[in-house]
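3D model of this:
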Amino acid sequence: MNTVRVLLSLVANFDWCLQQFDVKNAFLHGNLVEEVYMEPPPSFDENFGGNKVCRLKKALYGLKQSPRAWFGRFTKVMLAMKYKQSQGDHTLFIVQEEWRA
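Numbers count the residues shown, from 1 in each chain. Next up, the predicted model:
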């Protein structure tokens, strides 16, 4: 939270441009690197079988790997858009645009 306060103060004092990205359903877009298995939901087709499990390819809400999986994907996108990740706070991404007169 300190990073947000300092950043907002700098933006206000130096009249900088600030962008915020709002990602809907963020945790559903994380790709899992490690193998994660879960029991099928109770409402799943009964023909699936009693002793079988599901291997997840994507993160789900409530899964402990979800935040890391989503943030890894988010970081790749931000770096591809020429943002630089702060070394002091890894959740802060900065881009310097050239001013045109």
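
all contacts plus neighbour counts: C-alpha atoms, from now on.
Fine.

mind listing what residue 50 touches?
The neighbours of residue 50, taking Cα atoms under 8 Å, 6 or more residues apart in numbering as the test, come to nothing; the list is empty.

same thing but at 10 Å, please
The neighbourhood of residue 50, defined by Cα atoms under 10 Å, 6 or more residues apart in numbering, consists of 39, 40.

residue 34 too?
56, 57, 65, 69.

buried ones only from those, please, as a PyMOL command.
In PyMOL, selecting the buried portion of those, with burial taken from 16 or more other Cα atoms under 10 Å, looks like this:
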select buried, resi 65+69
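
in the strand of greatest length in the chain, which residues are buried?
With DSSP state E applied, the strand covering the greatest number of residues in the chain is identified as strand 31-38. Buried residues in strand 31-38, counting neighbours by 16+ other Cα under 10 Å, are found at 31, 32.

mind listing the strands that strand pairs with, and their directions?
Looking at strand 31-38 with DSSP bridges, its paired strands and their directions are strand 54-58 (antiparallel).

can I get the CA coordinates of the partner strand in CSV?
The C-alpha trace of strand 54-58 is given here as CSV (Å, rounded to 0.1, in the frame of the first residue of the first chain):
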residue,chain,number,x,y,z
CYS,A,54,-9.0,-34.2,-13.0
ARG,A,55,-5.7,-32.7,-14.1
LEU,A,56,-6.0,-28.9,-14.2
LYS,A,57,-4.4,-26.8,-17.0
LYS,A,58,-5.7,-23.5,-15.8
